[in-house]
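**Student:** Got a predicted model here, sequence first, then my questions.
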Amino acid sequence: MEITAAYYIGFILIVVILVYVIVVFSKNPNKPTKASFTIPNGTLEEKKIVLDSNLVRTILLGNSDSTILVYVFLQPSDKTPRTDQMPNTLLQIPGVLQFNYGGVNSELVVNTINTANNQTVEERIEIPAIPMQKWIQLGILREGRRFDIMYNNKIIASKRLAYMPVYATASLEMGGSQVRGTFSEGRVYNYRLSLKDVQKELSSTSDTRHKPPTDTSFNIVNPFTMFSCPGGFFCGADARQPKNALQEWQTPYA
């Protein structure tokens with residue numbers, strides 16, 4: 001009887017210890033929680049800080065995984081460099097990474113740290129040229145040392161770097177003096193989105209042509225508004241373009 005009682009007591013103690021360990025680890029305050037942050041919309045003609053350095057450190061560089069999603073519309077112009085000129089920088093975290101595009105190819109340049117000698121190494125990921133004059137959802141998905149680059153819902157470049165990215169204090173910037181275009185519906189995450197999540201984000205924030213909602217409404221001045229409307233052709237006309245690109249214009253000219 002004494003052996004049996006000791007056996008049961010030992011078994012109960014083991015179960016209690018296991019339950020305690022599970023509860024402690026599940027409530028570990030150091031365990032990172034999922035978080036995201038919205039990037040404000042804007043134009044690309046000049047460099048803009050869209051995420052300050054504190055949020056960059058906590059959202060993009062604080063964990064081993066992160067995601068950047070943003071719609072961009074690039075317009076070719078005299079500002080667009082020739083193939084023999086330096087590429088333009090579309091997006092960057094100074095001292096950490098930058099997304100460059102040129103006439104033929106694009107590239108993601110990541111500054112990494114060699115822990116053996118504490119030296120910074122510049123590693124490059126070659127990317128197909130980003131399309132012009134159409135909306136593209138640019139995605140930069142990081143999982144440790146692996147970076148996946150996406151245009152819309154397709155991975156167009158993927159590489160596992162030799163070292164981890166530099167952990168620096170810098171802001172996330174969009175655009176520059178040599179860039180022309182628009183960016184919209186940007187979000188950053190402190191974890192790597194799955195391909196299914198990216199597809200869901202794309203379908204929920206854009207139309208069938210991958211165009212995000214943009215404020216393109218405008219008003220046409222009606223010369224008859226200063227007088228009483230005689231009930232003619234211009235009466236009741238609403239010449240504003242609807243926000244949803246899939247809707248039809250409800251105007252006499254439609």
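**Tutor:** Perfect, I can see it now.

**Student:** Contact partners for I155?
**Tutor:** D148, I149, L195 (C-beta atoms under 8 Å, 6 or more residues apart in numbering). Glycine gets a C-beta too; all of them are placed from N, C-alpha and C.

**Student:** Among the residues you listed, which lie within strands?
**Tutor:** By the criterion of DSSP state E, membership of these in strands covers D148, I149.

**Student:** what's the closest of the contacts of I155 to T43?
**Tutor:** Using C-beta to C-beta, I149 comes nearest to T43 of the contacts of I155, at 23.0 Å.

**Student:** one step back: can I get the buried part of the contacts of I155 as one PyMOL selection?
**Tutor:** Only the buried entries of the contacts of I155 go into this PyMOL selection, using 16 or more other C-beta atoms under 10 Å:
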select buried, resi 148+149
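
**Student:** Pick the one among the contacts of I155 closest to V104.
**Tutor:** I149 (16.2 Å).

**Student:** Hmm, that closest one is touching S158, no?
**Tutor:** Yes - I149 is in contact with S158 according to C-beta atoms under 8 Å; the separation is 7.2 Å.

**Student:** Quick check: neighbours shared by those two?
**Tutor:** Common contacts of I149 and S158 (C-beta under 8 Å, 6+ apart): none found.

**Student:** circling back to that earlier point, quick check, nearest of the contacts of I155 to I127?
**Tutor:** I149 (5.4 Å).

**Student:** In contact with the closest one, which residues are there?
**Tutor:** Applying C-beta under 8 Å, 6+ apart, the residues near I149 are L108, I125, I127, L138, G139, I140, L141, I155, I156, A157, S158.

**Student:** now do 6 Å
**Tutor:** I127, I156, A157 (C-beta atoms under 6 Å, 6 or more residues apart in numbering).

**Student:** Filter those down to the buried ones, ChimeraX style.
**Tutor:** What follows is the ChimeraX syntax for the buried subset of the contacts of I149, where burial is set by 16+ other C-beta under 10 Å:
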select :127,157
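
**Student:** Low-confidence stretches in the chain?
**Tutor:** Low-confidence segments of the chain, defined by pLDDT under 70, span residues 1-3, 5-8, 10, 16, 19-32, 77-86, 103, 214-254.

**Student:** Where do the helices of it begin and end?
**Tutor:** Assigned by DSSP state H, the helices in the chain fall at 2-26, 53-55, 195-205.

**Student:** May I have the beta-bridge partners of the spatially most central residue of the chain?
**Tutor:** Against the mean C-alpha coordinate of the chain, by C-alpha atoms, centre = their mean, the closest residue is L69 at 1.7 Å. Under DSSP bridges, the beta-bridge partners of L69 are G139, R187.

**Student:** Would you agree it is in contact with E185?
**Tutor:** No - look at L69 against E185 with C-beta atoms under 6 Å: they stay out of range, at 8.0 Å.

**Student:** domain assignment for this structure?
**Tutor:** With domains defined by automatic domain parsing, the chain comprises 36-205, 216-254.

**Student:** would you turn the ones you listed into JSON lines with distance to F11?
**Tutor:** Listed next are the domains of the chain as JSON lines, based on distance: least, C-beta to C-beta, whole Å:
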{"stretch": "domain 36-205", "distance to F11": "39"}
{"stretch": "domain 216-254", "distance to F11": "64"}
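
**Student:** Return the most buried member of those.
**Tutor:** domain 36-205 (a mean of 17; mean count of other C-beta atoms under 10 Å).
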